[in-house]
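Peer 1: Fold the following, please.
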Amino acid sequence: MFKRLLESQSAVSLLLTQSGMDETVGHFGSEQWSAVEAAYDVLAPCFEATAELPREKMATASKVIPITNMPLSIYSDMAKESGLKGELASNLLHHLVKRITHVKGSKVLACATLLDPRLKNTCFRQLEKKTSAIMELKKELQQLENTSTPAYQETVDALPKKSESSLWDSFDKEVQNLVSHKKSPESAVQTLNSFFEIKLEDRKTDALQWWVQEGANKSLSLAQLATKYLSIPATSVPSERVFSAAGEIISGRRNRLGDTTANIMLTSMHSNLKRK
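Peer 2: Alright, predicted model coming up:
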């Protein structure tokens, strides 16, 4: 609204002057236009952040931390300015910090951000928060890697203790060394550090698809963790869209649709919209 008002400043000023509306709504001079411009500048980052998440077809939880951190940084700088703009930014910053405090302490959001190939460990404002999140992720990665140890041990136990033929002795030793190999705690650290050293992907990249097509070749365990965290939607917008679409299908005139038919129609509608 403020943007359209500023774009039509000349026309609005002319209309107020010629129609005599200045006497009704009060004088709207340069001071008032400056206030509108200040309000627009302050609210613009919030508008962009609000529009950013629903804009993607599947915005993952990994974008919540950077999307909330960026306006905070912008408003911290704005609050240092004098005048109405600085005052508005300061007040808005105060309320935002109170409302999004829970985001900073969320382990799920932190792990999702770390595993996003577009973001990784670059979006944390506080060093201790980043360090804590990385330690939690390394611990979970190590636990995941260790779950395969029993299967390896069963394979080792099933191997013949001594080959009946000396021809197979060297082969049995190689197999024994291969399947009995147990990953050390350092392997989880190295796996995660290697991932962080890879250059950031473009922001338009689909994070989940990247792990399926490329990341899994680098580390299957890390890809499993990434799938777990990046499958979490950032907002309820996708589910709300499904409910809206379902409301259009199951209407008063279609109140006898069965579950299977409604599901097929809903899936078909989603597929057609995706092609467009």
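Peer 1: can I assume residue 68 sits in a helix?
Peer 2: Yes - judged by DSSP: H, G, I helix; E, B strand; the rest coil, residue 68 forms part of a helix.
Peer 1: Can you get me a residue count around it?
Peer 2: Residue 68: 18 surrounding residues under other CB atoms under 10 Å. C-beta coordinates here come from the backbone N, C-alpha and C atoms, glycine included.
Peer 1: and if you look at residue 100?
Peer 2: What residue 100 shows, counting by other CB under 10 Å, is a neighbour count of 16.
Peer 1: Tell me the confidence at the closest residue to it other than its chain neighbours?
Peer 2: When the adjacent residues along the chain are set aside, residue 100 lies closest to residue 68, with 5.0 Å between them (CB to CB, 6 or more residues apart in numbering). pLDDT for residue 68: 88.
Peer 1: Now do residue 190 against residue 197, distance only.
Peer 2: According to CB to CB, to the nearest Å, residue 190 stands 10 Å off from residue 197.
Peer 1: Neighbour count: the two, which is higher?
Peer 2: Neighbours were counted for residue 190 and for residue 197 using other CB under 10 Å; residue 190 has more, 13 against 8.
Peer 1: Let me see the contact set for residue 230.
Peer 2: Residues in contact with residue 230 (CB atoms under 8 Å, 6 or more residues apart in numbering) are 60, 61, 62, 112, 115, 116, 207, 208, 211.
Peer 1: In helices, which of the residues you listed fall?
Peer 2: In helices, defined here by DSSP state H, the members of those are 112, 207, 208.
Peer 1: can you list the residues you listed in CSV and add pLDDT and distance to residue 101?
Peer 2: Shown next, in CSV, are the ones in helices among the contacts of residue 230 (pLDDT from 0 to 100; distance: CB to CB, whole Å):
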residue, pLDDT, distance to residue 101
112, 92, 18
207, 91, 26
208, 89, 28
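Peer 1: picking up where we left off before, my read is that the residue nearest to residue 100 contacts residue 49, right?
Peer 2: Yes - the criterion here is CB atoms under 8 Å, and residue 68 meets it with residue 49 at 7.4 Å.
Peer 1: Nice, that's everything, thank you.
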